[in-house]
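Novice: need a 3D model of the sequence below.
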Amino acid sequence: MTMQRQGESPPPSLRIANGFRFGEWEVLPRENLLRRGNARRKIEPKVMRLLVLLAGRLDAPWTKEELMDELWPAADAGESSLTRAVSELRRSLDDKRSNARYIDTIQNVGYKAIAPLRPLDAATVAGAEGLRRQAPQRDGSIEALDMAAYLIARRNGSDCVAALEILHDTTEHHRGLAEAHAMIGVAERLVQLYCDRPLAVHGQRSREAAERAVELDPHCALAWGVLASLDRDAWRWQSALDRFERAMALDDDNAFILHDYAELLWNLGRLEEARATMKRCCEINPVGAGERLIHAWISLHFDEDAAWRQVTMARQLGCDAVFADNLECFLLHRAGWSQTGIERWHELNARRRDDRFWMWPRLLLEGLTGSGNGSRLVQSIRRQVVDREIDAGVAVFIFDLSGQLDEAFALAEHALEDRSLFIVDPWLSERQAFRGDRRFPELLERAGLDGRTCPWLAEAETR
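Specialist: The predicted model follows:
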C-alpha cells in the first residue's frame, strides 16, 4: 500500500456520498448541506453533485466536458450552466477564484478540488441511519473501514490485499463489527480474481466472513450482498437474484451491492437493467474506479464515447486492471486498428501478455490485421489453456473473434468446468456469430440458465 506523506490529505473514501470534511466545511450530500461551526448553508442538488464529483477525484482536474456529461447530459445544456454552478459553489464555500482555497480553475481544462479531504465521523453524518446505529461500536474504526472500502473500490489486486490487512487488524480490535467481516468477504472474493489466486480457498474465506457478519447482524446488507455474489460466481443464478433482492431491501444505497448486482444482470443479458443499476451505483460512489470500469464495459453495448469516458475516469481514479486494458483494445478494435491504435496495443501487450486474462495476444491481432496464421493461433491457445497460462473463457473469446467457432465451442467445455464462460461478455456485438450458433443456447442451459433468469433464452425459445 502506498504510504501517505506527512501533510497530504487522505484519499477520498467510499463514504463520500454520506459525508466528508472538505477544508473547514462538513459536507452532507444527502441533505445538500454545508456546515462550519454554527454556520449552515443549503445548496442546490446540482451544485452539491458538482462538489462531490470534484472532491472525489484524486490528483487530477475534471474537464469541463466531463462535468457537462455528468451533470447536464441533455444536448441542449450550455456551458453557462456549469459556470454558474461553479460560481455558486465558490460563493457557498466562501472561496474566490483569484485566491482559491477550495476550487481551482485549470486554464483551458476545467476545475480541480484543492482543499484537504477527510472522512466525516459516522456519528455526525445526518441521514446515514445505518452508520449511526453502529457508531458506538465502530468508535476508533471508522477511518480504517473507510480506507479499506476506498481501496477495495479501486478493484486491483494490490489494493485489495492492502484492504484485507486493514480489515483483519480492525476485526482484531473490534470483533463484533459485522460490517468489517462483510468487507473481508468482499475483499477475499476480489483477491482471487485480481491476483489470480485459488477460487476454492478465497471463495471459502469470503463465505465464512459473510456468514460471520450475518451471525453478528442478520440485517447486515453487505453480508447478504457478498453471499449473493458468491452464488453468482457458482452460477446459482436464481439464488443470487433472491439474495440481492434481500440485500437491497436492507440497503439500496450500498455501492458494493449495486456494483455486483449490475454484474449479475450483465451476465444474464439484462443489459438495460444493468446499465441503470451501474449508473446509480456511480452516482452513489463517484470515486469508485471499479464502478467506472464496469460502467464502461456495459456502455460498450450502447455508447462507445461513454465507454471511453468511463474507462478514462476509472484509470484516473486508480484502476490498474487487465480488464481496463482489454476494454481499451475493444474500443481500438471498433475504431479499425489505426497505426496509433496498434502502437497503443504494443504498449498494453508488453504489460499484460503474461496475464491469463489478457484477451488480445499477438497472434490474434496479427489475424485481425491480416498477417496472422490461423493454425498457429489455434495451436498456441490450445496449449496455453492446457498449461493454464490463459483462462478458458478468454480463449473462447479469442477463437470466437478470429472466426474459429468450432474451436471456440470446443474450449467452451473447459470454460463450463471452471465457470469462466462469462469472463468475457457473450452479449457483445463482436460475438454475434457465437450467439447465433445452435450450440450457444445449449451452453447457457448447461450453465444453469433458463428463460426466467435469462431473457435471451426466453426469446430464443419463441423463435
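Novice: quick one: low-confidence ranges for the stretch 101-250 of the chain?
Specialist: 119-141, 143, 196-199 (pLDDT under 70).
Novice: any idea of the pLDDT on C319?
Specialist: pLDDT recorded at C319 is 75.
Novice: isn't it right next to V287, touching?
Specialist: No. With contact defined as C-beta atoms under 8 Å, C319 does not reach V287; the gap is 11.5 Å. Heads up, the C-betas are built off the backbone N, CA and C, glycines and all.
Novice: who has more neighbours, these two?
Specialist: V287 (28 against 23; other C-beta atoms under 10 Å).
Novice: hmm, that one is touching L317, no?
Specialist: Yes. V287 lies in contact with L317 (C-beta under 8 Å); the separation is 6.1 Å.
Novice: touching stretch 353-366 from outside, list them.
Specialist: Here stretch 353-366 makes contact (C-beta atoms under 8 Å, 6 or more residues apart in numbering) with 196, 322-323, 325-326, 329, 337, 342, 345, 348-349, 352, 372-373, 376-377, 380-381, 388-391, 394, 397-398, 401-402, 423-424.
Novice: just the ones in strands from those, please.
Specialist: Per DSSP state E, strands hold no members of the contacts of stretch 353-366.
Novice: sketch out the low-pLDDT regions of the stretch 301-450 of the chain for me.
Specialist: In the stretch 301-450 of the chain (pLDDT under 70), the answer is 318, 320, 371-372.
Novice: redo that, cut-off 80
Specialist: Within the stretch 301-450 of the chain, the segments meeting pLDDT under 80 span 316-321, 370-374.
Novice: can you give me the helices in it?
Specialist: For the stretch 301-450 of the chain, the helices defined by DSSP state H, counting those that start in this stretch cover 304-316, 322-335, 339-352, 362-368, 374-386, 392-401, 405-417, 432-436, 439-446.
Novice: nearest to L53, out of the ones you listed?
Specialist: Nearest to L53 among the helices of the stretch 301-450 of the chain is helix 304-316 (10.1 Å), distances taken as C-beta to C-beta.
Novice: okay, now A296: neighbour count?
Specialist: 27.
Novice: quick check: can you list the domain ranges of the chain?
Specialist: 19-119, 321-463 (automatic domain parsing).
Novice: circling back: quick one: buried ones out of the contacts of stretch 353-366?
Specialist: Among the contacts of stretch 353-366, the ones that count as buried by 16 or more other C-beta atoms under 10 Å are 322-323, 325-326, 329, 337, 345, 348-349, 352, 372, 377, 380-381, 390-391, 394, 397-398, 401-402, 423-424.
Novice: over to V27. Which of the three states is it?
Specialist: Three-state assignment for V27 (DSSP: H, G, I helix; E, B strand; the rest coil): strand.
Novice: tell me what the closest residue to it other than its chain neighbours is bridged to.
Specialist: Closest residue to V27 apart from its sequence neighbours, by C-beta to C-beta, 6 or more residues apart in numbering: F20 at 5.4 Å. Listed by DSSP bridges, the beta-bridge partners for F20 are V27, P119.
Novice: quick check: the nearest residue to E461 once chain neighbours are set aside vs P441, distance?
Specialist: In space, and not counting its chain neighbours, E461 is closest to G451: 6.0 Å by C-beta to C-beta, 6+ apart. Between G451 and P441 the computed distance is 10 Å (C-beta to C-beta, to the nearest Å).
Novice: quick check on the residue lying closest to C220 once chain neighbours are set aside: phi, psi?
Specialist: Excluding the flanking residues, the one nearest C220 by C-beta to C-beta, 6+ apart is A178, at 4.4 Å. Main-chain torsions, A178, degrees, to the nearest 10: phi -60, psi -40.
Novice: right, and A178 touches A213 too?
Specialist: Yes. Contact criterion C-beta under 8 Å: A178 and A213 qualify, at 4.4 Å.
Novice: need the residues touching each of those two.
Specialist: Common neighbours of A178 and A213 (C-beta under 8 Å, 6+ apart) are C220, A223.
Novice: neighbour count: these two, which is higher?
Specialist: Under the neighbour definition other C-beta under 10 Å, A178 and A213 were set side by side, and A213 has more, 26 against 21.
Novice: could you measure from that one over to N267?
Specialist: Counting by C-beta to C-beta, the gap from A213 to N267 is 25 Å.
Novice: tell me the most buried of the helices of the stretch 301-450 of the chain?
Specialist: helix 392-401 (a mean of 26; mean count of other C-beta atoms under 10 Å).
Novice: contacts for it?
Specialist: With C-beta under 8 Å, 6+ apart, helix 392-401 has contacts from 356-359, 361, 364, 368, 377-378, 381, 384-385, 405, 407-409, 411-412, 414-415, 417-418, 420-424, 430-431, 433-434.
Novice: that one: how far from the chain's middle?
Specialist: Here helix 392-401 shows a centroid-to-chain-centroid distance of 23 Å under the convention C-alpha atoms, centre = their mean, to the nearest Å.
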